[in-house]
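In: Okay, sequence plus prediction incoming.
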Amino acid sequence: MFRKLSDKLNPREESLPSYLIYAQSLSSIAPLGSASAYLTYALYDSYASTFLASIVGSLIYFLWVLIGYRYSKIIGTTGGIYDFAKSAKGQMVGSLAGWFYWISYAIYLPSATTYLVGIVLPSEFQLPIFYLSLIEISIPIALTLLLLTGAKPPLFYTFISTILEITLLIILGIKVLSITGISGSPFQLSVNPTNFISGSLAVGFTLAGGGASFFLGYEAKGRGKTVGKSYAIAYWIAAVAIIFASYFEIAFAGFSNQGVSSLLSITDYPGFYISQKLMGYDFSLIFFILTINSLIGSVTAAYVALSRLTFTMLNRNMILSILVIAVFFLTINLIAGTTGNYFEVYDLTTASSLISLYVSHVIVSAVYPFFAKKNYRSGLLDILLGISASFLMGYGVYSSVNMIGVYTLIAGVIMAIIHQTLLKKMNSKG
């Protein structure tokens, strides 16, 4: 039975239709979750200039998107980032990029779900501690069972949910603008350049995550070409949604820094708050449920991607790969659920996940010119692209450095060295 399930779950070449690859890219960015919650970080920095910062941030992060697009067009595998770096500069570099990415996604799973259970839910509902603990522990179990049904059911779930998320954003935005009208003031800089840049980068990193589709390159119909196209298109769909959300949230606040400040003093979830004020109970409840679903969808996409990365780097057995991740996921959620220290767990896991994500992106960006030289007619533009993206992701590393970040960096290097050593031993025996 175990072997049959394992054979069923193992990736099959070109078995996934293109719309599911789009869903993987888009749901991993979590459009509604980003607009309702994560966009708040940009609003705190750039206030009424957040619309302009959203445009600039989307263009800045597109540097990395271009690199991911050019890698994924050619390399259609289950290894994603690991195989990108490996093909550019060899096994050791691949192991470093792969394990830092593995740490990032493995820790993101409990980070996002703990944020949902320990911070988002209590902000709107007075739930008993026992129920919060039960939800915290149930999520990794439920998602693991979902993944054990195969790749298609979770991807179809994320496909439907992302369509609903973007539809809700459009409806809410149209409602807001029908009341406030349209103004050109969001195109004007109303904060100092430092805050504007911080807001732009906050928006850029809000749009991170679409690369979860890189790990479906082997299974996608059309292989790398489908993945590359879906990644780029999904990014711009999400970017336009976030830019639009930033505009109507600023519009609701009166197109002024003071108005945005007042809005943020009332709520950390402006999208949900606006839906309550303008659309009534039923719509706002649906909006809140789909915001939660957006975060769950992002976690599901990350889980699917991580299962493929683990499959590639460790054992070539999908059921074991899923169970390895499940044990890690459930252990951290058990700690948060039984201790009740949701914020502390969220804070530590987020810091660790972010710095490892940025480090993996720095590695892949830095070696990109070598990949371009092998696979494209490489020129000065490819070199500049690699340097620019490395600098951008390097800023992410710099802004995330703390003690937990240092420990994460050490862990990533150790895991890569162990992986490299084991591979050498296996090759020498073979």
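Out: Yep, it's here.

In: Just the pLDDT for the residue nearest to residue 139 when sequence neighbours are not counted.
Out: Setting aside the residues directly before and after it, residue 139 is nearest to residue 113 in space (C-beta to C-beta, 6 or more residues apart in numbering), at 4.8 Å. Bear in mind the C-beta positions are built from the backbone N, C-alpha and C, glycine included. In this prediction, residue 113 carries a pLDDT score of 93.

In: try residue 73
Out: As predicted, residue 73 sits at a pLDDT of 92.

In: Tell me, how many residues neighbour it?
Out: For residue 73, the tally of surrounding residues (other C-beta atoms under 10 Å) stands at 20.

In: what do you get for residue 341?
Out: 15.

In: who touches it in this structure?
Out: residue 335 (C-beta atoms under 8 Å, 6 or more residues apart in numbering).

In: any idea how far residue 220 is from residue 17?
Out: Separation of residue 17 from residue 220 (C-beta to C-beta, to the nearest Å) stands at 8 Å.

In: now residue 22
Out: Distance of residue 22 to residue 220, computed by C-beta to C-beta: 10 Å.

In: Identify the contacts common to the two.
Out: Common contact partners of residue 22 and residue 220 (C-beta under 8 Å, 6+ apart): 213, 230.

In: Sketch out the low-pLDDT regions of the stretch 101-250 of the chain for me.
Out: Under the criterion pLDDT under 70, no range of the stretch 101-250 of the chain is flagged.

In: Swap in 80 and give it another go.
Out: Applying pLDDT under 80 to the stretch 101-250 of the chain flags the ranges 123-124, 151, 204-206, 208-210.

In: And the helices in it?
Out: 121-124, 129-147, 152-180, 193-206, 223-252 (DSSP state H, counting those that start in this stretch).

In: what do you get for the stretch 301-430 of the chain?
Out: With DSSP H, counting those that start in this stretch as the criterion, the stretch 301-430 of the chain has helices spanning 318-339, 342-366, 368-375, 380-400, 403-429.

In: Name the stretch among these that sits most buried.
Out: Of all those, helix 342-366 carries the top mean neighbour count, a mean of 23, counting by mean count of other C-beta atoms under 10 Å.

In: That one packs against which elements?
Out: In terms of contacts (3 or more C-beta pairs under 8 Å, 6 or more residues apart in numbering; DSSP states H and E), helix 342-366 is packed against helix 50-74, helix 81-89, helix 91-115, helix 318-339, helix 380-400, helix 403-429.

In: Indicate which one of the helices of the stretch 301-430 of the chain is closest to residue 161.
Out: Relative to residue 161, the nearest member of the helices of the stretch 301-430 of the chain by C-beta to C-beta is helix 318-339, separated by 20.2 Å.

In: Give me the distance from that closest one to the chain's centre.
Out: Averaging C-alpha positions (C-alpha atoms, centre = their mean, to the nearest Å) puts helix 318-339 19 Å from its chain's average.

In: ok, now stretch 420-430?
Out: Using C-alpha atoms, centre = their mean, we find the averaged C-alpha position of stretch 420-430 to lie 33 Å away from the chain's own average C-alpha position.

In: Using PDB, write out the CA atom coordinates for that stretch.
Out: What follows is the C-alpha trace of stretch 420-430 in PDB, where atoms were taken according to Å, rounded to 0.1, in the frame of the first residue of the first chain:
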ATOM      1  CA  GLN A 420      27.700  17.800  -0.700                       C
ATOM      2  CA  THR A 421      29.700  15.200   1.300                       C
ATOM      3  CA  LEU A 422      27.000  12.600   1.100                       C
ATOM      4  CA  LEU A 423      26.700  13.100  -2.600                       C
ATOM      5  CA  LYS A 424      30.400  12.600  -3.100                       C
ATOM      6  CA  LYS A 425      30.300   9.400  -1.100                       C
ATOM      7  CA  MET A 426      27.400   8.100  -3.100                       C
ATOM      8  CA  ASN A 427      29.100   9.000  -6.400                       C
ATOM      9  CA  SER A 428      32.300   7.300  -5.400                       C
ATOM     10  CA  LYS A 429      30.500   4.100  -4.500                       C
ATOM     11  CA  GLY A 430      28.600   4.300  -7.800                       C
END
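
In: For residue 33, the count of nearby residues, please.
Out: 27.

In: do the same with residue 126
Out: Neighbour number of residue 126 under other C-beta under 10 Å is 6.
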